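1. Following is a predicted model, sequence given first.
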6 protein chains.
Amino acid sequence: MFHHTKKLQFEARPEQPDPVYARKLQELVGGAYGEMTVTMQYLFQGWNCRMEGKYKDLIMDIATEEIGHVEMIATMVARLLEGAPATETARAVQDPVLGAVIGGMDPQQAIVAGGGALPNNSQGVPWNGGYIVASGNLLADFRANVAAEAQGRLQTARLYNMTDDPGVKEMLKFNLARDTYHQNMWLAAIEQLKEDGLEDTVAPNALFDDEFSEHATSLWNLSEGNDSAQGAWARGTAPDGRHEMGIVEQPEPLGGPGTTPPPDPELFATYDGSKKPADPKLSGVKGMVGRLKEKAT
Amino acid sequence: MFHHTKKLQFEARPEQPDPVYARKLQELVGGAYGEMTVTMQYLFQGWNCRMEGKYKDLIMDIATEEIGHVEMIATMVARLLEGAPATETARAVQDPVLGAVIGGMDPQQAIVAGGGALPNNSQGVPWNGGYIVASGNLLADFRANVAAEAQGRLQTARLYNMTDDPGVKEMLKFNLARDTYHQNMWLAAIEQLKEDGLEDTVAPNALFDDEFSEHATSLWNLSEGNDSAQGAWARGTAPDGRHEMGIVEQPEPLGGPGTTPPPDPELFATYDGSKKPADPKLSGVKGMVGRLKEKAT
Amino acid sequence: MFHHTKKLQFEARPEQPDPVYARKLQELVGGAYGEMTVTMQYLFQGWNCRMEGKYKDLIMDIATEEIGHVEMIATMVARLLEGAPATETARAVQDPVLGAVIGGMDPQQAIVAGGGALPNNSQGVPWNGGYIVASGNLLADFRANVAAEAQGRLQTARLYNMTDDPGVKEMLKFNLARDTYHQNMWLAAIEQLKEDGLEDTVAPNALFDDEFSEHATSLWNLSEGNDSAQGAWARGTAPDGRHEMGIVEQPEPLGGPGTTPPPDPELFATYDGSKKPADPKLSGVKGMVGRLKEKAT
Amino acid sequence: MFHHTKKLQFEARPEQPDPVYARKLQELVGGAYGEMTVTMQYLFQGWNCRMEGKYKDLIMDIATEEIGHVEMIATMVARLLEGAPATETARAVQDPVLGAVIGGMDPQQAIVAGGGALPNNSQGVPWNGGYIVASGNLLADFRANVAAEAQGRLQTARLYNMTDDPGVKEMLKFNLARDTYHQNMWLAAIEQLKEDGLEDTVAPNALFDDEFSEHATSLWNLSEGNDSAQGAWARGTAPDGRHEMGIVEQPEPLGGPGTTPPPDPELFATYDGSKKPADPKLSGVKGMVGRLKEKAT
Amino acid sequence: MFHHTKKLQFEARPEQPDPVYARKLQELVGGAYGEMTVTMQYLFQGWNCRMEGKYKDLIMDIATEEIGHVEMIATMVARLLEGAPATETARAVQDPVLGAVIGGMDPQQAIVAGGGALPNNSQGVPWNGGYIVASGNLLADFRANVAAEAQGRLQTARLYNMTDDPGVKEMLKFNLARDTYHQNMWLAAIEQLKEDGLEDTVAPNALFDDEFSEHATSLWNLSEGNDSAQGAWARGTAPDGRHEMGIVEQPEPLGGPGTTPPPDPELFATYDGSKKPADPKLSGVKGMVGRLKEKAT
Amino acid sequence: MFHHTKKLQFEARPEQPDPVYARKLQELVGGAYGEMTVTMQYLFQGWNCRMEGKYKDLIMDIATEEIGHVEMIATMVARLLEGAPATETARAVQDPVLGAVIGGMDPQQAIVAGGGALPNNSQGVPWNGGYIVASGNLLADFRANVAAEAQGRLQTARLYNMTDDPGVKEMLKFNLARDTYHQNMWLAAIEQLKEDGLEDTVAPNALFDDEFSEHATSLWNLSEGNDSAQGAWARGTAPDGRHEMGIVEQPEPLGGPGTTPPPDPELFATYDGSKKPADPKLSGVKGMVGRLKEKAT
């Protein structure tokens, strides 16, 4: 269960309205790496965490903080839109300065939200759940979290360079700092997982004996030129300490041709009858039922 | 420019058809962490890489490999669907074994694709470009790549446990191994970026002096309980070597209330007139034009 | 079955072209509360209505009218785009007035539609079926219809204030009036449902004895401050006449901790083995089959 | 800013696992009228509310409660999936009872979430921001809120009838009750808006003098038959008290034919040259610039 | 403007309910090539047609027919769902026959639509406007229409083979016939466009002198093997009568390396400074403004 | 499996940067008819082709070429963005020429991609798999391919007219030529299918005897006026040589009223009990199980 306090985690007050920037800031509200994403990603990871204790608590701490970040940015957007010339189309085109402002605005912030933030990115695409991941495997998820915080800090840094409003910059300095800490924090949490013996370097920490180890070591040189042989990824011990890394200079396919089986005639795929019909014991209705029943006995 | 060879990178031949599994395998074709995602993510990263040489070459090597992975899985899907009882609805419900098979199938694989793979995930949601990232910042992107390979290997490992077909398992062992190498490889590439002095631990490697360093160090304890204080993320030097990490046990908001400004009356937001109108010099049409023009001089 | 007459329900003729406004008007074509939404929402409600007679007839009347509203707005968009400077990029940037116009245009109206309307909103997002609802419960659906007409009239009113073209305003006056009637009409239809004894105030009109009535009465004060105690929702008889409304000033959680069960080891969720395994009689393959079969006997 | 307590608002503990039902319950997590929708809808409405005091406080109370509802349902999903036979494909088809279970499961709950909830609906479609509305007009938004709670309670009631697990039913009784209160509450809030003189019956409470009042009163009988004339919506005073309602029995179009203007030749729309070119003073590059400049003087 | 008659264009009455088939039929309601697609595609093409007369009339005839096709299929879905065991989860798993039925059902048809059709495809993905095209170029659009009718008839034919219900088959025989006529009709309309001298074989019928004619004639043999040289596409006169077709057996790239320019330092793309800075006269703020202004004079 | 060469298929070098045009060009990257679409459409068609030999080889040739087209356009976008004034918001509005440029830019190209191409269309909507089709029926798919190349060439032609940069025009001349060849090529491939006796004019080439031939011949005149009777589609032999085409001047519905069955009471659809309950032998749990079991014997 959650509680809300009326104060913002950090002040979000621009010195002056700037409706063009209000559109750009939507990227941090509802973009793929905006605050809605980290909020939902961490909430679902926390709710789905299989161990009580420090990991689940950490995830819920940050998830709860991130709801407040959406709040801060959404508030900033509404303030940046104060007095925005949304209804001044006609007059606007007479004044090129105002025209440029209107050309760069998000029309939905006026028409749909009445001068507030939308759950969308800077191009108007609604946020969606496909942006997040909560797999239950903490190593895989913490790597995704470092990545999300890295992209988030990068976009914040770019937006920081797109304004000279002291109030906006003040808030973004706080966001930059939190993104720095959160990157460090998830990296430290990955180390903690190793220290606790729960996961290792590669996710998931399982099945290594089943996989083909000879294919777990080398770069396939499939793009012309061999500059890629010059990198640390093509020599020495792998970060997981299990493999020696190398390169396949002239890679050849290991499989046969990518042929497909003859089609089901009732589905009308174009076909010249050239392929040997499947073994009726293996396919078709009778084959399948027979095979399954055979297994069942 | 690209060339295609007719052989698959690795064999993709099931011992027997299994239409229920063919649906599950769609997750590796068109899911958020399927092969279409890594293909497109690496292609765009490669095309947008700002430096000729080993990094761009590496990215294009792997991107080109991944197109062939989509090919392998799509071929496997078509082969798993050979003789699938797509048109046996009526008869199926008479035989519960067959009925269970049909209940677990993807109807679009028959109706839309005629017995082949779709550019969708295992629940039928089409792949979309919102799954990928190519930011131009190689540290941020390589972190996203490690994360993608980790989720990809995790899903492959789960799917490996969902079949006992030797042919399917054979192919998945190859995929597991490549995902192991690719995780190691992107981790090694992150180290190479540091070694080359191009990036550091936190992305982007900039603006640290601008951000509020006092907020770049500590966990805000916003979820009840303090188990999260027990982790490596709440003490010691941060992974970036720049900060000492700690915890704010009883966090208080630093900002003021999240109030919003008075609305534009022409947009009909509900309003009681209680707020002081904005300074006309700052907002509204005249204010904005005036302010901008003032700056221009 | 449907018939089409070539005349528009109401005239849709701008005095002058205005390509910037043509983009904004897309919100009324393919936005979440545009004419495509009410068209499809009412059509599906009508087709799925379980009673012949006045309700189904009403819904189909309005659904059929709304197809004609999409027609009116789409025609208006094409006329607003007449002579639009879509191919004048180069010359445009020389003239700031023209540049501002082009900056505010929808590039797809030219590139994709050749100067016509698109099935998209004002930010270019395609209309989708997730916007509509047709639940079969007329009370729930009529409430959604009132809401849709309210948002539709609101957006129309905002757009009305964004133009001074007499032809556009003429058409929007008609749309405003229809939205007024449609709001009144759905509100009257809700009263009619009550009068006919088919539904009551709360949807669905069922399960009140099953639900926990003590939790059907009060506001949980989960946001700091108690201004919310001052509203009509926190005292007196509820609109449904069944409950006395109140407030829980200091709400405490009623449930236990949000823990999750131990994971399936074959799915590789991170786990320290700390939880008691589930009762094998209840979970896992054998447990589930056993339990279900037990029920069956 | 927000805080989190570890206990759930209400207990969410099934008596026994049921993976088929776990899929259906996804509708209440990430469906169009699930808990993610009301959470985000109320948060954005609250953040964008223009008046401090009881309305904003109410909205934030409920928004904060709803985050906890997502938490309850997500926890329930994970518990319903305990011991789910996700990896038993092969054995499953041998046992028709188990086969039926697997046929009805959500494969992504295993492959993607490792046995937990997803931010998706019951068919696997990710939640998206297009489901919510926060317009700034409280009357329009509260009508949308009543509608959302009505659909939410309806879906909950249907799901209540789809299980006989006492633990699941216990939680749903709580959800039903909250949905009852929330419907009453938003209805009461609409009355409060009127009482406070802020809004009236039709949203927005404006432009009535501008609109064509003769078109704000009557049903157009566009679907064959005249049963719709029998309803309360076709006679008497409208709910807003402003209009007398009636019916247009034989509606005729009021506009002219839906013709479109001649196309821009550089966009290659098919055209026979049959239409009079637009007045060059009105359209085309020169016309537009001239017209706009004329206005500016 | 449109009118509705209460009778269906053709009878849509199954002999018996079949909820599994009701799900599959959703593909014809809201799939990429379902009836919603042709309805909306033809409506927008008609509204955007630049010539009054036979073409616009034809398009509006068919568009209006297609609305009635959505009506027929939606009605069929509701009838197929009569008495569906939506709320019988618990009992269902006891009876494998019933279990198989439930495993193959669409849960949203019950939970969301109360036993009716949804605006979704057979996997639950909502219909969206990205499926349709209305470009204003009739040749390009009629080709898209032939393609849509071909895919539609193909899917209908597959669904025809998936049922043995005489009532369903009766309706599908009508749909198959209409799809046959519509394919013929759009093919005839393409010939009519040529006969009327409005378009030719290749769309758009323009710019042929501008394009590089030497690249408009030959197949690039980029996939291993040269079977593709055996087709009619690699020899003889092209269908447009303008080109002789051939093959490039050993294609070589015609362009230079796909390098990218040095990045904007304020956007933090990873960069080693290795590239020559752009000519300041061409890029950057000053360059761009200078260049544009130069043009303007 | 695939290989990559570092050179582009054709040069993609603008004479000068143009960030406004870089946004428009996104339509050819990730629009519904952009290069990502044809790439993925042809890849899936090739992987799913049921016949080895010339058809599969042709499809894979073109699919492989199209990956290189995405590469060319993505490279062009990055070069058009060189030195783009992304971070010059503040200064921009002072200079109307620069302001117009910024108003027309895609903010995500800077914020998300660091000055490169995105997998999105010109309005920022991500590419998705719903744009493509690979049905297994080559006639249906080749018709879709002609349509895709026609729309692609049309959009390219429009974009050709939106720039005067010689470098951009040079590349587009190549693209126009390839689109011309590809249209001719798919048309020739359709003729080849007929010549090889694999398919005919109407897709699929089956079920003609099953369908109602009397409904496969005529236009239903459902839109007012009879101009549509003047076209080649309303007289003479149909393109398939099987039918004589005509028109139904005064079409009457052939089906009965679109009524729906009584609802399942447990799903709470609004209902007055007016309909005869379904035959219990046909519907409901018992009816369905009984009926199915009866069939099984």
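-> That came through fine.

2. Which positions in the stretch 101-250 of chain A make contact with chain E?
-> Counting by C-beta under 8 Å from any C-beta of the partner chain, the stretch 101-250 of chain A comes close to chain E at A:154, A:157-158, A:161. To be clear about C-beta, it is placed using only N, CA and C from the backbone, and glycine gets the same treatment.

3. show me what contacts A:Leu172?
-> When contacts are counted by C-beta atoms under 8 Å, 6 or more residues apart in numbering or on different chains, A:Leu172 touches A:156, A:159-160.

4. How is it assigned, secondary-structure-wise?
-> helix (DSSP: H, G, I helix; E, B strand; the rest coil).

5. any idea how far it is from A:Ala157?
-> According to C-beta to C-beta, to the nearest Å, A:Leu172 and A:Ala157 sit 8 Å apart.

6. same thing with A:Thr87?
-> According to C-beta to C-beta, A:Thr87 and A:Ala157 sit 34 Å apart.

7. These two: which has the busier surroundings?
-> Applying other C-beta atoms under 10 Å in any protein chain shown to A:Thr87 and A:Ala157 shows that A:Ala157 carries more neighbours, namely 25 against 20.

8. per-residue confidence at that one?
-> Per-residue confidence at A:Ala157 stands at 97 (pLDDT).

9. was I right about it contacting A:Leu176?
-> Yes - at 6.5 Å, A:Ala157 and A:Leu176 qualify as touching, with contact defined as C-beta atoms under 8 Å.

10. mind checking how far whichever helix or strand A:Arg178 is part of is from the chain centre?
-> Using DSSP states H and E, the element containing A:Arg178 is helix A:166-195. Counting by C-alpha atoms, centre = their mean, to the nearest Å, helix A:166-195 is centred 17 Å from the centre of its parent chain.

11. could you point out which element follows it?
-> Using DSSP H and E, the helix or strand that follows helix A:166-195 towards the C-terminus is strand A:218-220.

12. can you pull the contacts of A:Pro253?
-> A:Pro253 touches B:5, B:7-10, F:1, counting by C-beta under 8 Å, 6+ apart.

13. scratch that, A:Ala229
-> A:219, A:221, A:247, A:249, B:54.

14. so how far is chain F from it?
-> As for A:Ala229, its distance to chain F is 15 Å (criterion: C-beta to the nearest C-beta, to the nearest Å).

15. helix/strand/coil for that residue?
-> For A:Ala229, the assignment made with three-state DSSP gives helix.

16. Tell me who's in contact with the residue lying closest to A:Asn226 once chain neighbours are set aside.
-> Using C-beta to C-beta, 6 or more residues apart in numbering or on different chains and skipping residues adjacent in sequence, the residue nearest A:Asn226 is A:Glu249, 6.7 Å away. By C-beta under 8 Å, 6+ apart, the contact set of A:Glu249 is A:221, A:226, A:229.

17. How about A:Ala140?
-> With contacts defined as C-beta under 8 Å, 6+ apart, A:Ala140 is in contact with A:133, A:203-204, B:147, B:150-151, B:153-154.

18. Go again with 7 Å.
-> Counting by C-beta atoms under 7 Å, 6 or more residues apart in numbering or on different chains, A:Ala140 touches A:203-204, B:150-151, B:154.

19. A:Ala157 now?
-> If a contact means C-beta under 7 Å, 6+ apart, then A:Ala157 has A:176, B:204, B:206-207, E:268 as its contacts.

20. repeat for A:Phe10
-> A:Phe10 touches A:72, A:171, A:174, B:254-255, counting by C-beta under 7 Å, 6+ apart.

21. can you rerun that using 6 Å?
-> Neighbour list for A:Phe10: A:174, B:254-255 [criterion: C-beta atoms under 6 Å, 6 or more residues apart in numbering or on different chains].

22. and what of A:Ala63?
-> A:42-43, A:46.

23. circling back: closest one of the contacts of A:Phe10 to chain E?
-> Closest approach to chain E among the contacts of A:Phe10 (C-beta to the nearest C-beta): A:Phe174, at 18.9 Å.

24. Please tell me how far that closest one sits from A:Gly68.
-> Relative to A:Gly68, A:Phe174 is positioned 11 Å away (C-beta to C-beta).

25. Now A:Asp272. Nearest residue, chain neighbours left out?
-> Leaving aside its sequence neighbours, A:Asp272 sits nearest to F:Met51 (C-beta to C-beta, 6+ apart; 5.2 Å).

26. Near the one you found, how many other residues are there?
-> By the criterion of other C-beta under 10 Å, F:Met51 has 21 neighbours.

27. do the same with the one 5 residues further on
-> The tally of other residues near F:Lys56 (other C-beta under 10 Å) stands at 26.

28. Now it: closest residue in space, sequence neighbours ignored.
-> F:Cys49 (4.1 Å).

29. That neighbour is in contact with F:Met60, isn't it?
-> No - using C-beta atoms under 6 Å, F:Cys49 is not in contact with F:Met60; the gap is 8.5 Å.

30. Between those two, which contacts overlap?
-> The contact sets of F:Cys49 and F:Met60 do not overlap (C-beta under 6 Å, 6+ apart).

31. what about the helices in chain A?
-> A:19-30, A:35-47, A:54-80, A:89-92, A:96-103, A:107-111, A:138-160, A:166-195, A:284-296 (DSSP state H).

32. which stretch in these is the model least sure about?
-> Per-stretch mean pLDDT for these is lowest at helix A:89-92 (a mean of 53).

33. In stretch A:240-255, which residues are buried?
-> A:240, A:242-243, A:245, A:247, A:251, A:253, A:255 (16 or more other C-beta atoms under 10 Å in any protein chain shown).

34. got the CA coordinates for that stretch in PDB?
-> Output in PDB follows, covering the C-alpha atoms of stretch A:240-255 (Å, rounded to 0.1, in the frame of the first residue of the first chain):
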ATOM      1  CA  ASP A 240      32.700 -14.600 -16.800                       C
ATOM      2  CA  GLY A 241      36.100 -16.300 -16.300                       C
ATOM      3  CA  ARG A 242      34.900 -19.400 -18.000                       C
ATOM      4  CA  HIS A 243      35.800 -19.000 -21.600                       C
ATOM      5  CA  GLU A 244      38.800 -17.900 -23.800                       C
ATOM      6  CA  MET A 245      37.500 -15.500 -26.400                       C
ATOM      7  CA  GLY A 246      38.500 -15.500 -30.100                       C
ATOM      8  CA  ILE A 247      37.300 -14.800 -33.600                       C
ATOM      9  CA  VAL A 248      36.000 -16.900 -36.500                       C
ATOM     10  CA  GLU A 249      37.600 -15.000 -39.400                       C
ATOM     11  CA  GLN A 250      35.900 -16.700 -42.300                       C
ATOM     12  CA  PRO A 251      32.600 -18.000 -40.900                       C
ATOM     13  CA  GLU A 252      30.800 -20.700 -42.700                       C
ATOM     14  CA  PRO A 253      27.200 -21.800 -42.000                       C
ATOM     15  CA  LEU A 254      26.900 -24.800 -39.800                       C
ATOM     16  CA  GLY A 255      23.300 -25.700 -40.700                       C
END
